[in-house]
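Trainee: dropping a prediction and its sequence here:
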Amino acid sequence: MTPNVTESSTLSEEELKNFDLKKLVLENGDYTIFPDVEYPPLVSFEHDDPGKRADPNMTSLFEKATKIEKLTPKLGTVIYGLQLSELTDQQKDDLSLLCALRGVVFFKKQNITPYQFVQLGKYFGPLHVHNAFGHPPHFPEISTIYYDRKSAVIQEKFRYYRSSDAWHSDISFEEQPGSLSFLKIDTLPSVGGDTTWADGYAAYDKLTPTMQRIVDGLEVEHTGEYHRQLAAAKGTKIRRPFIDHVHPLVRTHPLTGMKSLYLSPIFTSRIVGLSLHESEAILKLLNDHVIGGHDFQVRYKWEEDDVAVWDNRCCVHNAIVDYFDEGLRHGYRVTPQGERPFYDPSSKSRRQMEQEKAANGNN
Ligand SMILES: O=C(O)CCC(=O)C(=O)O
Ligand SMILES: [Fe+2]
């Protein structure tokens, strides 16, 4: 059983700036703590998305990068030659729009520190402090990506695990779930440990119009049950109770205005207003649609010190945990919260928008 601890020391600004999680994991292994504290409930806020201030051409990013590479036609872009720790506000605004359009954006060879990571993330919205995850000392806003392979709970959790079991959109159980997520991977096994993303716009567009009419306007209950069970298995404290929230199954992206299938299988319990068997059948059908949707997925092979930035409002993701025999994998994530998900019945799918543009001769 992992002990609950209280953070005893505070660090100076200088010490925080130099805090090095890679060094800590290499020296100490699992450094995460589970402070014996209770957090107050989250309060609602008006989300002001930096992407609203973006230049539609995102010139500040495209002109400064040394190379831009698309990983698939619609999903996933790699940017070379820019440091996230040095982005101007205009570049951050443009990044927000780029993520809304491309789902996930990767930055190579990033020197950004945990301290700078937190500063960067805060630009996009208040950083979520997780209800139950262990976090690094002094950085409650950081979620550590690391599995202690010697832990019996972890062994058990991954014994029969298939990555198809864990697609999700970060913290979708909150009233205002993550808009973007920033994930740095700084330590990699010799092989394995890729991550996959699936495009929510395409997932919607790949449903037939009849199926689209069925899912449009439906609402789904999201819960923290997954984390409750994990905390119970590890014997760790839940610092803020999980509260269920209902979100639209098809959500409208506030920046692109496009419809995206908003699935988060590990955090969803049922579709509101349907019987359990109706709900389970539809959620299973949609989950299978995403799991098998290789034509709208990207699988990313990390290099050390890559950072992925993705938009949780228009893509889902999933870690591939195939590397326990191949060495250590470590990274960390921050997730700014965004708007409360909404569905605008007059919004369009990406395909519809593209067709209309083409018809108007703007393509
Ligand atoms: O380990 C990974 O590649 C991704 C883990 C994850 O789901 C996250 O950081 O949100
Ligand atoms: Fe995640």
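Mentor: Now that the structure is in, tell me what you want to look at. Ligands and ions are numbered 1, 2, ... in the order given.
Trainee: residue contacts, the closest residue in space to Val191 that isn't next to it in sequence?
Mentor: Nearest residue to Val191, sequence neighbours excluded (Cβ to Cβ, 6 or more residues apart in numbering): Glu326, at 5.3 Å. Every C-beta, even on glycine, is put in place using the N, C-alpha and C of the backbone. When contacts are counted by Cβ atoms under 8 Å, 6 or more residues apart in numbering, Glu326 touches 189-193.
Trainee: farthest-separated two in the residues you listed?
Mentor: Farthest-apart pair in the contacts of Glu326 is Ser190 and Gly193; separation 9.7 Å (Cβ to Cβ).
Trainee: those two: who's more crowded?
Mentor: Legend: neighbour count by other Cβ atoms under 10 Å for Ser190 and Gly193, higher for Gly193 (24 against 9).
Trainee: for that one, give me the pLDDT.
Mentor: Gly193 carries a pLDDT value of 96.
Trainee: what bits of the stretch 1-150 of the chain have low per-residue confidence?
Mentor: Counting by pLDDT under 70, the stretch 1-150 of the chain contains low-confidence ranges at 1-8.
Trainee: in it, what residue lies closest to ligand 1?
Mentor: Closest residue of the stretch 1-150 of the chain to ligand 1, Cβ to the nearest ligand atom: Ile145 (4.4 Å).
Trainee: what is the burial count for that residue?
Mentor: If you count neighbours by other Cβ under 10 Å, Ile145 ends up with 18.
Trainee: what does Gly217 give?
Mentor: 11.
Trainee: swap in Gly292?
Mentor: Neighbour number of Gly292 under other Cβ under 10 Å is 11.
Trainee: what does Pro345 give?
Mentor: 9.
Trainee: that one touches Gly217, doesn't it?
Mentor: Yes: here Pro345 reaches Gly217: they are 6.7 Å apart, a contact under Cβ atoms under 8 Å.
Trainee: select the longest strand from this protein.
Mentor: In the chain, with assignment by DSSP state E, the single longest strand is strand 180-187.
Trainee: that one packs against which elements?
Mentor: Contacts defined by 3 or more Cβ pairs under 8 Å, 6 or more residues apart in numbering; DSSP states H and E place strand 180-187 against helix 21-28, helix 114-122, strand 306-311, strand 330-334.
Trainee: repeat that with 10 Å
Mentor: Secondary-structure packing of strand 180-187 (3 or more Cβ pairs under 10 Å, 6 or more residues apart in numbering; DSSP states H and E): helix 21-28, helix 89-102, strand 104-107, helix 114-122, strand 143-145, strand 306-311, strand 315-319, strand 330-334.
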